[in-house]
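In: I'd like to go over a predicted model; first the sequence, then the structure.
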Amino acid sequence: MSAFEPQVGPSDLDDIIAAVRQLQQGGGKLPSERDLAEHLSVKRHQLRKALEVLRHSGDLKPARARRAPTALPRYGEELVRVTNPIEILELRLLMEPGLARLASLRASSFETARILDAATTPENAPSGEVDFAFHLAIVAAARNHLAAEFYKMLRQVGVDARVKVARTAAPTCPKRIAQRDGEHRLIAEAISQRDPEAAEAAMRAHLLSVQRQIMERSNAGAFAA
């Protein structure tokens, strides 16, 4: 029998975890997720949950993050030239409430914990990075790979200096960070409570708040050159 020949597999999470641990004890590197799922005769989403448990317990190393592209692809450069922050927020308003709804239905317990943790900005943490991490955690929990790639490109276009709204030299206002964190927590709590209607509504309200700020800044100082 081949090492990766499909066989009758475990039916619940504990059995899958035990099967993966047994393979680890045999030494060597675990096969790819696809091959491992076939070997254990389980669905890939079941295997992912088991791997998350093992990573959380320290039995497996964290998944290697994919390297982010260092530059926009050619079509992204074209988008930077023709778009503006208002258009970007309009598209986010179309996408993210729906992704928050999906996240409330699909997020694992570990993804939910990550979203809740990312909803509050730690002291002295870079505000923009914290915001992006929160929204990206929700997009990842929605479990739609195509939407996730579109979203990453959209945010990459949005942070390009050529489409940023002009800002003053002062640091981000602590009052605004507190307001944003409160909005983020409402979204995170709705997702953790598996409430798709509340998650969608909270995300929409948050993005409308961001849109109002962009409109105010654009009216005061126009777009950055």
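Out: Thanks, I have the structure now.

In: what segments of the protein are helices?
Out: With helices called from DSSP state H, the chain shows them at 13-25, 33-40, 44-57, 74-82, 85-106, 109-118, 127-141, 145-158, 174-192, 196-221.

In: any idea what sits nearest Ile86, other than its immediate chain neighbours?
Out: Ile214 (6.5 Å; CB to CB, 6 or more residues apart in numbering). C-betas here are computed from N, CA, C, even on glycine.

In: surely the one you found and Pro85 touch.
Out: Yes. The pair Ile214 / Pro85 is scored as a contact, 5.1 Å apart, by CB atoms under 8 Å.

In: pLDDT below threshold where in this structure?
Out: 1-11, 26-28, 57-58, 61-77, 160-172, 218-225 (pLDDT under 70).

In: dump the residue contacts of the residue lying closest to Ala205 once chain neighbours are set aside.
Out: Leaving aside its chain neighbours, Ala205 sits nearest to Glu183 (6.9 Å; criterion: CB to CB, 6+ apart). Neighbouring residues of Glu183 by CB atoms under 8 Å, 6 or more residues apart in numbering: Ala202, Ala205, His206, Ser209.

In: could you list the domains of this protein?
Out: The chain breaks down into these domains under automatic domain parsing: 13-57, 74-221.

In: so what's the gap between the longest one and the chain middle?
Out: Here domain 74-221 is found 10 Å from its chain centre; the criterion is CA atoms, centre = their mean, to the nearest Å.

In: now do the first one
Out: Put simply, domain 13-57 sits 23 Å off its chain's centre (CA atoms, centre = their mean).

In: one step back: give the buried subset of the contacts of Glu183 as a ChimeraX selection command.
Out: Of the contacts of Glu183, the buried ones go into a single ChimeraX selection, burial set by 16 or more other CB atoms under 10 Å:
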select :202,206
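
In: got the contacts of Glu183 as CSV, with distance to Leu30 columns?
Out: Rendered in CSV, the data for the contacts of Glu183 read as follows (distance: CB to CB, whole Å):
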residue, distance to Leu30
Ala202, 38
Ala205, 43
His206, 39
Ser209, 44
